[in-house]
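1. any chance you can model this:
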Amino acid sequence: MRAWGRNLALALLLSAALPTVTALAAETAEEVLLDKASYWRLKDRPDLAAEALNKLLEINPNNPEALYQYGVLSVQQNKPADAQRYLAKLQQVAPDSPHIADLENAIRAGKIGSTDLDEARRLTQGGQTAEAIKKYREIFKGPPPSTYGVEYYMTLAGTPEGWDEARQGMEKLARESPNDPQIKLALAQIYTYRESTRMQGIDMLAELTKNQMVAANAVKSWRQALTWLGGSPAAKAAYQKYLAQYPQDSDIQQLLADLAKQPAGGAMDEAQSKAYADLKRGNIAAAERQFAADLRAHPDDVQALAGLGLIRLRQQRFAEARALLGRAIKAAPDEQKDLAAAYESATFWAQVNDAKRMAAAGNYTGAQAFLTRLLSRPHRDNWGAEMVLGDVETKMGQNAAAEATYRRVLRARPGNSDALMGLANALRAQNKTAELTQLTSRMSPAIRARFERSSSGNSIAEKLRNEAKAASANGDAALATAKFREAMAADPRSP
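-> The predicted model follows:
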């Protein structure tokens, strides 16, 4: 009886425990499926995200997170009626959910495709973060839908005054989606941008390296953040923690070794780290002051040479950038792999400016030959040299060549206003009326108005040039000179 009683008691305990085990398993399954759905949604794979959400809703049809994510997917797939249906269900099952406002924002913003964001992303990649944020806000018509929250707040964090707003925005997203590793990663990266929160961000990144969904990017960001520590008191322990996980990283080993050799204080290293952080955030003036001060004290300081070179590159002072970066590479050849792309860009654009100066001096043949040689080598920014070449060809009266050049620019940079203007002028000069009409019909009102003003200026300039030629033929040199000057003022681009 006693054994039977024990078996009965055990059976009763097991039966009582089963619902809890089942509930835990269901909860775990829901979390896994949510993570999968979030991952594929952020990777722009709505088909795989929907597959995960469908499985989740079979387990729990009232899961608020799944309803929200499905609503966002419906917006992205241009299914507003479905999005409204998921919003209504979300409001019914979780009336206090913060995702209600997010989904309403997404529905209000409408379907936003990757092409809508191309311009904002291009501005971000070019370091024009303030202009990029303006473009994002124009597209979103208000706060960013959480689907695009990560890229929006990461861009905002790079603006001079936007870091705190970006931090708060990402913290809100992290509270609302605590299981989303992409959001955690972005928040950790933003924390590393400021000295006051840098160690918190570094600790988060170290933890995120254990999550396979974001591990590779977490390691990269962790390593980058360590290079910003300079001689701070926390640097040694941070380097050692990283090297315990990645002992073969020679660059971090070197940082740790340099720290041991550093004299007490390490003020310059820490100041330079802050200057590089300022440069990354777009606070150019502060970074420039620090690097310039370092070079006054230590003219061959490699980090200061490189930092000021990068600033001159961003300021489009290309010849100075080339010289500074060249000095940095010469002083520390090991840094070449990190500076090569910047040095190459500075060299290319400095040569483009050389060609501009030749053209401005009236040496069109020389400028054309120089640009042709430059363009014989592939470069990602060849469109910039092509723009100058098109202008030179126009001034040389080579309108067919200019047309072909401007078309190449527009293939690389669709919508470039200067290239559109150049192409329109080339078509007009060749009397290609039908093609010109078709081109101007696709122009924005602002570019079309600019072209029409240019056309008016060209007509006046042509009349003045004819008058100048007549005066010259009549032997009136003073009048001819005056008329030519008026013609140049009316149309400075025409020879």
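
2. contacts, neighbours, all on C-alpha from now
-> OK.

3. which other residues reach stretch 374-388?
-> For stretch 374-388, the external contacting residues (Cα atoms under 8 Å, 6 or more residues apart in numbering) are 351, 352, 355, 356, 371, 405, 406, 408, 409, 412, 413, 419.

4. correct me if wrong: the fourth one contacts residue 367.
-> When you say that, I think you mean residue 356. Yes: the pair residue 356 / residue 367 is scored as a contact, 7.3 Å apart, by Cα atoms under 8 Å.

5. which one of these two is surrounded by more residues?
-> Taking neighbours as other Cα atoms under 10 Å, residue 356 and residue 367 compare with residue 367 leading, 24 against 21.

6. ok now do the closest residue to residue 48 other than its chain neighbours, which residues does it touch?
-> For residue 48, the nearest residue in space outside its immediate sequence neighbours is residue 40; the separation is 6.1 Å by Cα to Cα, 6 or more residues apart in numbering. Residues in contact with residue 40 (Cα under 8 Å, 6+ apart) are 46, 48, 49.

7. what do you get if the cut-off is 10 Å, keeping everything else the same?
-> 34, 46, 47, 48, 49, 50, 51, 52 (Cα atoms under 10 Å, 6 or more residues apart in numbering).

8. same deal with residue 166?
-> The contact partners of residue 166, by Cα under 10 Å, 6+ apart, come to 149-150, 152-159, 172, 187, 190-191.

9. do that again at 6 Å, thanks
-> Contacts for residue 166 (Cα atoms under 6 Å, 6 or more residues apart in numbering) come out as 153, 156, 157.

10. next one: the last one from residue 237, what distance?
-> What it means is residue 157. Distance, residue 157 to residue 237, by Cα to Cα, to the nearest Å: 27 Å.

11. could you do the second one as well?
-> Residue 156 sits 31 Å away from residue 237 when distances are taken as Cα to Cα.

12. same question, the first one
-> For residue 153, the distance to residue 237 equals 30 Å [Cα to Cα].

13. any idea how far residue 219 is from the residue nearest to residue 48?
-> Distance from residue 40 to residue 219, by Cα to Cα: 21 Å.

14. most neighbours of all the contacts of residue 166, which one?
-> residue 156 (27 neighbours).

15. which strands or helices does the helix or strand where it lies pack on?
-> Residue 156 is part of helix 149-157 when elements are defined by DSSP states H and E. Helix 149-157 is packed against helix 163-176, with contacts defined by 3 or more Cα pairs under 6 Å, 6 or more residues apart in numbering; DSSP states H and E.

16. if you set the cut-off to 10 Å instead, what comes out?
-> Other helices and strands packing on helix 149-157, by 3 or more Cα pairs under 10 Å, 6 or more residues apart in numbering; DSSP states H and E, are helix 114-125, helix 129-140, helix 163-176, helix 181-192, helix 267-281.

17. could I get the full set of helices for the stretch 301-450 of the chain?
-> 302-314, 318-331, 336-360, 364-375, 382-395, 399-412, 417-429, 433-442, 445-473 (DSSP state H, counting those that start in this stretch).

18. same list, those, but as CSV with distance to residue 126 please.
-> Formatted as CSV, the helices of the stretch 301-450 of the chain follow (distance: least, Cα to Cα, whole Å):
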stretch, distance to residue 126
helix 302-314, 9
helix 318-331, 15
helix 336-360, 13
helix 364-375, 22
helix 382-395, 14
helix 399-412, 15
helix 417-429, 18
helix 433-442, 26
helix 445-473, 23
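
19. and of the contacts of stretch 374-388, the nearest to residue 165?
-> residue 413 (32.4 Å; Cα to Cα).

20. next one: the closest one from residue 315, what distance?
-> 21 Å.

21. could you do residue 243 as well?
-> 37 Å.

22. those two: which has the busier surroundings?
-> residue 243 (16 against 11).

23. which element is the more buried one on?
-> Here residue 243 is assigned to helix 235-245, by DSSP H and E.

24. average model confidence for that helix?
-> Mean per-residue pLDDT for helix 235-245: 91.

25. one more: stretch 185-204?
-> Rounded mean pLDDT across stretch 185-204 is 92.

26. same check on stretch 120-133?
-> Computed over stretch 120-133, the average pLDDT equals 83.

27. equivalent analysis for stretch 349-358, please.
-> Mean pLDDT, stretch 349-358: 88.

28. now tell me what touches it from outside.
-> In contact with stretch 349-358 (Cα under 10 Å, 6+ apart) are residues 313, 316-322, 344-348, 359-371, 374, 381-382, 384-389, 391-392.

29. now do the buried residues in that stretch.
-> 349, 350, 351, 352, 353, 354, 355, 356, 358 (16 or more other Cα atoms under 10 Å).

30. repeat for stretch 319-331
-> Of the residues in stretch 319-331, 319, 320, 321, 322, 324, 325, 326, 327, 328, 329 count as buried by neighbour count, 16+ other Cα under 10 Å.

31. JSON lines please, covering these and showing distance to residue 279.
-> Listed next are the buried residues of stretch 319-331 as JSON lines, based on distance: Cα to Cα, whole Å:
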{"residue": "319", "distance to residue 279": "20"}
{"residue": "320", "distance to residue 279": "17"}
{"residue": "321", "distance to residue 279": "15"}
{"residue": "322", "distance to residue 279": "18"}
{"residue": "324", "distance to residue 279": "16"}
{"residue": "325", "distance to residue 279": "16"}
{"residue": "326", "distance to residue 279": "19"}
{"residue": "327", "distance to residue 279": "20"}
{"residue": "328", "distance to residue 279": "17"}
{"residue": "329", "distance to residue 279": "20"}
